[in-house]
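Asker: Mind looking at a prediction? Sequence and model below.
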Amino acid sequence: MIAFVVRRLWQSFFVLLLMSLLVFVGIYAIGNPVDLLISPEATQAERIATTASFGLDKPMWEQYFLFLQNAFVGDLGRSFAYSTPALLLILQRMPATLELAVAATLISILLGLPLGLWAGLRRNGFAGKAIMGFSVLGFSLPTFWVGLMLIMLFSVYLGWLPSSGRGQTALLFGVPVSFLTLDGLKHLLLPAFNLSLFNIALVIRLTHAGTQEALLQDYVKFARAKGLSNGRIIGVHVLKNILIPIVTVIALQFGALIAFAIVTESIFAWPGMGKLIIDSIRVLDRPVVVAYLLMTTTIFIVLNLVVDVLYSLLDPRVRLSDVKG
């Protein structure tokens, strides 16, 4: 276990190093943030002074190595636009994005798992076919369009739920969260469901396929021959054996929800990291973009490690020593 974790951490270091280099070079190549951050009427002397204050007067390789030197002590640079440490900006917006991603993940599990199980057990019935049809829509409908339709239906026409913002928050261990207040919960429902729609469809299809395959296995036939109830067969023998791919997808998609919640956060004006990164890209705020991508890469790495550990807990046949880094 320890050797596996150390090996993964060593590999993760090189992944983060490569990601920082690609992002740094990419942003360096597409423009000069000074052109977007200062007034067009600024004098040449003001432009030179601003460029020097941001450290953009140095060659790219020197800027990058200076960034690495500071990153090793936890300094990912200071935002050009906000004049605030980039890591602090990310951490301030992270609770909102994490809350949205957790809510979307819970919705996808609470809806996708039972619906997929039902569709797998009743695949030839009307309900099973309707559920699988819904899963196709979940894959096909664009997130931005679904978000606009949700706002139009539940906010404009029915007036049940607010259309934007995070609403009232309450402190949980010093972190502001929305789900502890009724107003915050109302603000959370629409963006969380919009973000979870793809995952709901994915979990439905995975659960459906896994159920169909498990029902044909010998252990299910033996369980039925022993006279076990359908509830015990489904809950113990079927569901337990289809959880590994589902856990994998849910864990990895959780990282995707955090990284790609940009569209949902923009539509619903949710004050998370996605909205911050869009604003930062517009002004080529390099430190914030680099810090955001390094943070999301770290989240993916941690989630992959957690998935590997969960494998060994869900299936004793899986050994961490056999997992390839």
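Answerer: Arrived safely.

Asker: May I see the buried residues of stretch 172-191?
Answerer: 176-179, 184-191 (16 or more other Cβ atoms under 10 Å). In this view, the C-beta of every residue, glycine as well, is placed from N, C-alpha and C.

Asker: Of those residues, which pair is most distant in space?
Answerer: Using Cβ to Cβ, the buried residues of stretch 172-191 reach their maximum pairwise distance at Pro176 and Leu190, which is 19.2 Å.

Asker: where does the stretch 101-250 of the chain dip in pLDDT?
Answerer: 236-237 (pLDDT under 70).

Asker: Let me see the ranges of the helices in it.
Answerer: For the stretch 101-250 of the chain, the helices defined by DSSP state H, counting those that start in this stretch occupy 126-140, 143-150, 182-215, 218-225, 230-232, 239-259.

Asker: related to what we said a few turns ago, using TSV, lay out the buried residues of stretch 172-191 together with distance to Gly133.
Answerer: Formatted as TSV, the buried residues of stretch 172-191 follow (distance: Cβ to Cβ, whole Å):
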residue	distance to Gly133
Pro176	40
Val177	36
Ser178	33
Phe179	31
Gly184	34
Leu185	30
Lys186	30
His187	30
Leu188	28
Leu189	24
Leu190	23
Pro191	25
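
Asker: So which of these is the closest to Ala291?
Answerer: Using Cβ to Cβ, those come closest to Ala291 at Pro176, 20.7 Å.

Asker: Excluding chain neighbours, what is closest to that closest one?
Answerer: Spatial nearest neighbour of Pro176, excluding adjacent residues (Cβ to Cβ, 6 or more residues apart in numbering): Thr169 at 3.9 Å.

Asker: quick one: that neighbour and Gly184 touch, right?
Answerer: Yes: using Cβ atoms under 8 Å, Thr169 makes contact with Gly184 at a distance of 5.6 Å.

Asker: which phi and psi does Asp57 have?
Answerer: phi -80, psi -10 (degrees, to the nearest 10).
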